[in-house]
Each structure stands twice: as structure tokens, then as C-alpha cells.
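Asker: okay, sequence plus prediction incoming.
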Amino acid sequence: MINHIDLSTVLRRTVCDLYSNLVTRPTGAAVRTAIETQLAELGGRTVTVIDFSNVGLLDYSCADEVVAKLLLPYCDDCPPRDAYFVFRGMSETHLDALEHVLERHRLALVLQGDGGEPTLIGAVSEAERRAWQATLGVGGGTSREIGGAAGLAMDEVEMVLEGLARRRLTMRIDDQWVAVGAPL
């Protein structure tokens, strides 16, 4: 199931009808709480697109509240549910605040560009980036197929793909791995 959340709509509904900027920690906390409430109502495996397209400003405190605190529980060994995230509609100014927050928390996420192409941003190793890009490039596949495409040894690719899955950047469907953000 693919779920779409327009942050400007959530912001207007939770904070102020005329407001389009994500600034201040209380604003970010209110928006994140509204997102978490919406996610709690969904069942099964979901991919949620978090859309920043109509958000004006994003400061560091809101990036921390809305993105980092939203993602952190899903990176635990016991995530609250089987959920994955794709972020889109981010401007360069959004990315300035976001990249700082991702690095500080050692998080990564999938960003969908203007043309629809997904990219990985944040704290990732070279092996993680290669494995994720190979998974995306082959359109999903077995560990052996992804390892071959990424140029990684079998034992390394398994470990890297499992790590990416814990961080909600790949998902395992039976014996196949799929990159989050890949066309479904």
C-alpha cells in the first residue's frame, strides 16, 4: 500500500490554516504527531510518501522533529510497524537543514527527485550506497544478483542489505530485495 502525506496540509490542519513554513520545535512536534496518528491507522506493509512540495521554510528544529524523530523508531530492532518512507518535493533550502539532521542522527532516507528518480541521502557507507543503487538498478533481485551488480562479496552483500532493511531503505519480499523508492 502506498500512502501520501502532504506536509503543508498536515501543517495547516494542526497549526494554522495560513501557515506554510515548518519552523520551531513545537510546530514540528505537532506535525510529526499528526503523521504518526495517520500511520497508526494503516495496516500491513506501507510505503509512505512525505511530500514537502508546498512547504516554504524548514528549519533545523523542524527537520529534527518531523524527519529524524519520525524515522528513528523505525530504525530500531523492533519498529512500530512495517513502514517505509520516501520523501519528495524538497528544495535546496530544505536539504540544507535535513542533511545536517540526518548526519547528526546517522540516518539516511530516500529522496524522490523532480523527475521521479530516487536517490539516497544521509549517512550511508560506500557499500550501502552501492548495494542500494544496485538493488534499484536491477529492479530488485536476490542477494546474489545484487551482490554481482554492486561488486560485493556474497557475505558482505547479505550484511549490507540486512542493514539497509533495518534502516527502512530496502525491503525483503520472500527471497527478493527491493529498493525503497523503486517503482512498484
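Answerer: That came through, no problem. Numbers count the residues shown, from 1 in each chain.

Asker: residue ranges of the helices in the chain, please?
Answerer: Ranges of helices within the chain are 7-14, 25-40, 60-62, 69-71, 92-105, 126-137, 143-150, 154-166, based on DSSP state H.

Asker: turn those helices into TSV, including distance to F85 and mean pLDDT.
Answerer: All C-beta atoms are positioned from the backbone trio N, CA, C, and that covers glycine. Formatted as TSV, these follow (distance: least, Cβ to Cβ, whole Å; pLDDT from 0 to 100):
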stretch	distance to F85	mean pLDDT
helix 7-14	12	86
helix 25-40	10	91
helix 60-62	16	92
helix 69-71	7	94
helix 92-105	12	93
helix 126-137	14	96
helix 143-150	21	95
helix 154-166	13	94
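
Asker: and of the ones you listed, who's closest to A83?
Answerer: helix 25-40 (6.1 Å; Cβ to Cβ).

Asker: coming back round to it: closest one to R81 among the helices of the chain?
Answerer: helix 25-40 (7.1 Å).

Asker: how about the CA coordinates for that closest one, as PDB?
Answerer: Output of helix 25-40 as PDB, limited to C-alpha atoms (Å, rounded to 0.1, in the frame of the first residue of the first chain):
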ATOM      1  CA  ARG A  25      10.200  22.700  17.500                       C
ATOM      2  CA  PRO A  26       6.600  22.800  18.800                       C
ATOM      3  CA  THR A  27       5.400  23.100  15.200                       C
ATOM      4  CA  GLY A  28       7.500  20.100  14.100                       C
ATOM      5  CA  ALA A  29       6.300  18.100  17.000                       C
ATOM      6  CA  ALA A  30       2.700  18.800  16.200                       C
ATOM      7  CA  VAL A  31       3.100  17.800  12.600                       C
ATOM      8  CA  ARG A  32       5.100  14.600  13.500                       C
ATOM      9  CA  THR A  33       2.300  13.600  15.900                       C
ATOM     10  CA  ALA A  34      -0.300  14.100  13.200                       C
ATOM     11  CA  ILE A  35       1.700  11.900  10.800                       C
ATOM     12  CA  GLU A  36       2.200   9.200  13.500                       C
ATOM     13  CA  THR A  37      -1.500   9.200  14.100                       C
ATOM     14  CA  GLN A  38      -2.200   8.700  10.400                       C
ATOM     15  CA  LEU A  39       0.400   6.000  10.200                       C
ATOM     16  CA  ALA A  40      -1.100   4.200  13.200                       C
END
